[in-house]
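**Q** The sequence and its predicted three-dimensional model are supplied below.
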Amino acid sequence: MTDVVLQDPRPLLAVLVSFVAAVLIVASYRSPNVREGWTLVASLAKFGIVASMLPAVLDGAVFEWSLGAFLPGIGAPIEFALRADALGMLFAFLASGLWIVTSFYSIGYMRGLDEPNQTRYFAAFAVSLAATMGIAFAGNLVTIFVFYELLSIATYPLVAHDETAEARSAGRKYLAYTMFGGGVLVLAGTVLVYLLAGTVDFTAGGIAELANADPGLAMLAFFLLAIGFGVKAGIMPLHQWLPEAMVAPTPVSGLLHAVAVVKSGAFGVARVVLDVFGPELVFDLSLPFGFTAGLVLSTIGAVTLTAASLIALRKDHLKRRLAYSTISQLSYIILGLGLFGWYGLVGALLHIPAHAFMKLTLFFCAGNIHVSTHTDYISQMAGIGKRMPLTMGAFTVASLGMAGIPLLAGFVSKYYMLIGGVRMGMNFTPVAYYLAGALLLSGVLNIAYFWPVIYTAFFEAEDAHDAKPLVDFPLGGESRSIAAATDGGREGDHAATDGGRADDGGDGDGESAEDVDDIVADAGDADDAPSDADGVDESEIPDADLDDLPTDEEGVVRPDFAASERDFSEPAERVDTGDYAVDQRPSDADVPFGPGRGDPSDGSATDAADAHGDGEPVSHDDHGDAHDDHHHGGPPAGGWEHIAGLDALRGRESTWFTLGPILTAMTLAVLLGVIPYEMGFLELIELIVDTRLPEGVVRP
């Protein structure tokens, strides 16, 4: 098919609409409704502009618009050009559509938490989407480099939104990796391509002059560009910025993972493979031991997706587990782009929208859980499915899709890549068979790190002593034990009798001897407790009569929370070691087991609630009935409120500003798995691949 080039300003308009929106958002800072109205209007306008070009692009048209030329008189001029072809339309159509969904979600999230600096947030968000459109419609390596760097700058205030030391550190690391690391590599590769070929314009099937260039220099230019863009895609070992960026608000995490940032990295690698070097040259650039540049690229993807999945198993913080899942899933795209064949390339490109829909659903669910229940850790989510049935139902569907279950988006893309790996091994080199094996292994690992979340939410009891297996070894998440842990697992610490809250009185290094004395006195209901904490005489602690202990229907002893005046709504403090969370739980002496376990009248029952020393409970902003603001994560005293499906649909689960986008993204993931061609994505991708592969490699 021959491209029909049309001079049309619509690619430029798609970029400018967000810049204009950013100015209007800042000007409307005194009126939140107007400010957010501009956000929604701009997102709808951008999507309308992009969608208006789609029918013509599917018929082979290319929309171009030039803003001027660089390097006149030195060599071939380099234009600052925007070009809406099929590959650019794939990314632009996806990002502009999801911006609408994310805008609605952002309004509900930011208002629900009463976040500060919302005007700056929405303005930076708009500029980020403008840069994303520039990356999608870039006509050459110079243009994409400019917007690539602009995207890094625009997303910095989003990553550092909280303005804490942790947030600023994460923002600096993000800039160091993506702007000063990946950006420098992309610039170096761009210069080398220009010196080798005399042009940096994107050409379907690759720049012909590069095929005649020195193979060593061509190989160097390829990996400079691929790794430079791969930094934003989170390839290992250049991925460290991505988990750190999870300190940002959840809509920003969705922007980073599903809509713009990491997708721009994967899209950049796709441009390099398909429109700079071309699939044929990438396969022909040979290395020792039967490897080619494409196989090396696929190997990097295979190693990253396996390693990131193993690391995800260890993460108890939900957003961090999702972050490593993103690193793994983006590597599918990198792997597929290295496969020389129709199936592999189609699968790689189809995984761009598939991952976007599924991962956006997952992050939206994580954010909704945080807004409604202030829960961030998987180990705190026992039984939360009955409190948030729609949210956790959508999370389950998206998780199954990520694992490649049929009839969901992830299955279609992974099926194409699996067939591509097998066919490459059969037709070209047996080395490619291990890529198919890596794809199968990753599916198992996907189930391994998503299943604990689903199991905890729907099947685990809210009782903290419920020790059902959650892949119970260090790689499987939080290490659990049926034995009481009174010191959080850290040597030398005393029992944290107040739930381990960091803001309690004292020097923070542990409980005093007097505090330990109180614990013993409470536990044994004794009048005289030992004064030396290191020499407690256990004989003075009376044992409770087992017949008097409260039991459940199966005869298992359960704490009688209703009989105690002590406030058990405060969560355990989490000490994130980087591998899995370590909890500081109240000691067994503070858990009410009925008679013989302490006298509520002695005043000890209120110690835990006296966190600030004034005897008053901690106050929180009230966001309505759909929010459990009386505690800081995990099931509240008395367990989660049970919300039926119809009640959830009536808005009792959470606001529809967050719930609506969750269900929308989930529905898109299902539709892409059932009718990928009718949604337009598969048709667009087939057009891209058919025009990039050489004539000898045809569609099966």
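**A** Yes, it's here. Predicted model only: the values in this text are computed from it and were never measured.
**Q** contacts, neighbours, all on C-alpha from now
**A** Noted.
**Q** Ends of stretch 649-656, what's the gap?
**A** Stretch 649-656 has an end-to-end distance of 9 Å (C-alpha to C-alpha, to the nearest Å).
**Q** where's that stretch relative to the chain centroid, distance-wise?
**A** Remark: stretch 649-656 is offset 24 Å from the chain centroid, using C-alpha atoms, centre = their mean, to the nearest Å.
**Q** Mind listing what's buried along stretch 54-64?
**A** For stretch 54-64, a neighbour-count test (16 or more other C-alpha atoms under 10 Å) marks 54, 56-58, 60-64 as buried.
**Q** Would you report the backbone torsion angles of Ile207?
**A** phi -80, psi 120 (degrees, to the nearest 10).
**Q** For Gly234, give me its contacts.
**A** Contacts for Gly234 (C-alpha atoms under 8 Å, 6 or more residues apart in numbering) come out as 240, 242, 262, 327, 330.
**Q** same thing with Ala436?
**A** Counting by C-alpha under 8 Å, 6+ apart, Ala436 makes contact with 417-419, 421-422.
**Q** can you give me how far stretch 157-171 is from the chain middle?
**A** Computed by C-alpha atoms, centre = their mean, the chain-centroid distance of stretch 157-171 equals 17 Å.
**Q** Next, count neighbours for Tyr29.
**A** 17 (other C-alpha atoms under 10 Å).
**Q** Mind pulling up the pLDDT for it?
**A** Reading off the confidence values, Tyr29 has pLDDT 88.
**Q** do Gly673 as well
**A** The score at Gly673 is 93. That number is its pLDDT.
**Q** host element of it?
**A** According to DSSP states H and E, Gly673 maps onto helix 656-674.
**Q** sec struct for the nearest residue to Ala218 once chain neighbours are set aside, please.
**A** Closest residue in space to Ala218, ignoring its immediate chain neighbours: Leu210 at 6.8 Å, by C-alpha to C-alpha, 6 or more residues apart in numbering. Put simply, Leu210 is helix when judged by DSSP: H, G, I helix; E, B strand; the rest coil.
**Q** Identify the residues contacting Leu210.
**A** Applying C-alpha under 8 Å, 6+ apart, the residues contacting Leu210 are 193, 196-197, 218, 277.
**Q** where does the stretch 601-700 of the chain dip in pLDDT?
**A** 601-633, 696-700 (pLDDT under 70).
**Q** for it, what spans make up the strands?
**A** Counting by DSSP state E, counting those that start in this stretch, one finds no strands in the stretch 601-700 of the chain.
**Q** Do a quick rundown of the helices in it.
**A** For the stretch 601-700 of the chain, helices defined by DSSP state H, counting those that start in this stretch occupy the ranges 645-649, 656-674, 681-690.
**Q** Can you show me the helices along the stretch 351-500 of the chain?
**A** In the stretch 351-500 of the chain, the helices defined using DSSP H, counting those that start in this stretch lie at 389-402, 409-427, 433-458.
**Q** Ok, which of those comes nearest Leu684?
**A** Closest of those to Leu684 is helix 409-427, at 14.1 Å (criterion: C-alpha to C-alpha).
**Q** With adjacent residues omitted, what lies nearest to Leu335?
**A** Once flanking residues are discounted, Leu335 sits nearest to Ser298: 3.8 Å by C-alpha to C-alpha, 6+ apart.
**Q** can you count the residues close to that neighbour?
**A** 24.
**Q** In the stretch 401-550 of the chain, where is pLDDT below threshold?
**A** 464-550.
**Q** re earlier: now the helix holding Gly673, how far from the centre of its chain.
**A** Between the mean C-alpha location of helix 656-674 and the chain-wide mean there is a distance of 16 Å, by C-alpha atoms, centre = their mean.
**Q** what residues does that helix touch?
**A** By C-alpha under 8 Å, 6+ apart, the surrounding residues in contact with helix 656-674 are 101-102, 104-109, 354, 357-358, 360-361, 364-365, 368, 390-391, 394, 397-398, 401, 406-412, 679.
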